[in-house]
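Participant: sequence first, predicted model second:
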Amino acid sequence: AQKVTQAQTEISVVEKEDVTLDCVYETRDTTYYLFWYKQPPSGELVFLIRRNSFDEQNEISGRYSWNFQKSTSSFNFTITASQVVDSAVYFCALSETANQAGTALIFGKGTTLSVSS
Amino acid sequence: DTGVSQNPRHKITKRGQNVTFRCDPISEHNRLYWYRQTLGQGPEFLTYFQNEAQLEKSRLLSDRFSAERPKGSFSTLEIQRTEQGDSAMYLCASSLGVGGNQPQHFGDGTRLSIL
């Protein structure tokens, strides 16, 4: 069965600290996609990144970086030099491509990040 | 490029009433999804359309729930005989389906409160 686990419920940091949000997934498929979304207090889910199961290269985008390790079924997200505007709930999600028809996202429960000044 | 639009933003109703929500996806997106999110949880998938065809339904979608996308553009989600447990945020997302799993773009959601 597909499952996404975000073990950290809440994280609090002070501005400029680095913070890593953990994501562990379970799937029996060999082809799948992983996503991270940000949900600020306003409520809209904002897409951050998509990674397919064949691409294990780490990715960096500004202060954001993602570490994908198939061996440990993890897709962790690091924010460098955090800012108050990073305060939000962050969701990791999984989708499988078994039927190639476009599939549902399976979300973790989210990690609430609070960055104080 | 306007994003996914949902209305109303908030709906308060008495138990037993019917409610209907609307979602307007990003214009060129042929795939449309409905999710439900309760407090402290991640969104849970309800149903999915490709153009006007409803291709997938979750077990969460009881008989009281029905969704339509009549012309492959906007979609409606109706809940009949609402129950307390239906209180949640209902999220709509859309994506461009050209194979593989394209990112889903979400609207602001409709928050439903059942009195």
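Facilitator: Now that the structure is in, tell me what you want to look at.

Participant: ok, how many other residues are close to whatever residue of chain A ends up closest to chain B?
Facilitator: Chain B sits closest to A:Phe107 of chain A, with a gap of 3.0 Å, by C-beta to the nearest C-beta. Glycine gets a C-beta too; all of them are placed from N, C-alpha and C. Neighbour count for A:Phe107, taken as other C-beta atoms under 10 Å in any protein chain shown: 22.

Participant: which residues touch it?
Facilitator: A:4, A:37, A:91-93, B:42-44 (C-beta atoms under 8 Å, 6 or more residues apart in numbering or on different chains).

Participant: partner residues bridging it?
Facilitator: Per DSSP bridges, the residues bridged to A:Phe107 are A:Ala93.

Participant: name the SS class of the most centrally placed residue in chain B, please.
Facilitator: Using C-alpha atoms, centre = their mean, the residue of chain B that lies closest to the mean C-alpha position is B:Trp34, 3.1 Å off. At B:Trp34 the chain is in strand, as set by DSSP: H, G, I helix; E, B strand; the rest coil.

Participant: these two touch, right, it and B:Thr76?
Facilitator: No: counting by C-beta atoms under 8 Å, B:Trp34 stays clear of B:Thr76, with 9.9 Å between them.

Participant: before we move on, back to that, how near is the residue of chain A closest to chain B to B:Glu68?
Facilitator: 25 Å (C-beta to C-beta, to the nearest Å).

Participant: ok, B:Phe74 next?
Facilitator: Applying C-beta to C-beta, the value for B:Phe74 to B:Glu68 is 9 Å.

Participant: mind pulling up the pLDDT for the residue lying closest to B:Ser75 once chain neighbours are set aside?
Facilitator: In this structure, B:Ser75 finds its nearest non-sequential neighbour in B:Arg69, 4.2 Å apart by C-beta to C-beta, 6 or more residues apart in numbering or on different chains. With respect to pLDDT, B:Arg69 scores 96.

Participant: give the contact list for B:Arg69.
Facilitator: Going by C-beta under 8 Å, 6+ apart, the list of residues near B:Arg69 reads B:32, B:49, B:51-52, B:54, B:75-76.

Participant: what about the strands in chain B?
Facilitator: Applying DSSP state E to chain B gives strands spanning B:5-7, B:10-13, B:19-24, B:31-37, B:44-50, B:53-57, B:65-68, B:75-79, B:88-95, B:105-106, B:110-114.

Participant: by mean pLDDT, show me the worst of these.
Facilitator: When those are compared on average pLDDT, strand B:53-57 comes out lowest at a mean of 88.

Participant: give me every residue that touches the residue of chain B at minimum distance from chain A.
Facilitator: Nearest residue of chain B to chain A (C-beta to the nearest C-beta) works out as B:Gly42 at 3.0 Å. Listed by C-beta under 8 Å, 6+ apart, the contact set of B:Gly42 reads A:4, A:91, A:93, A:107-110.
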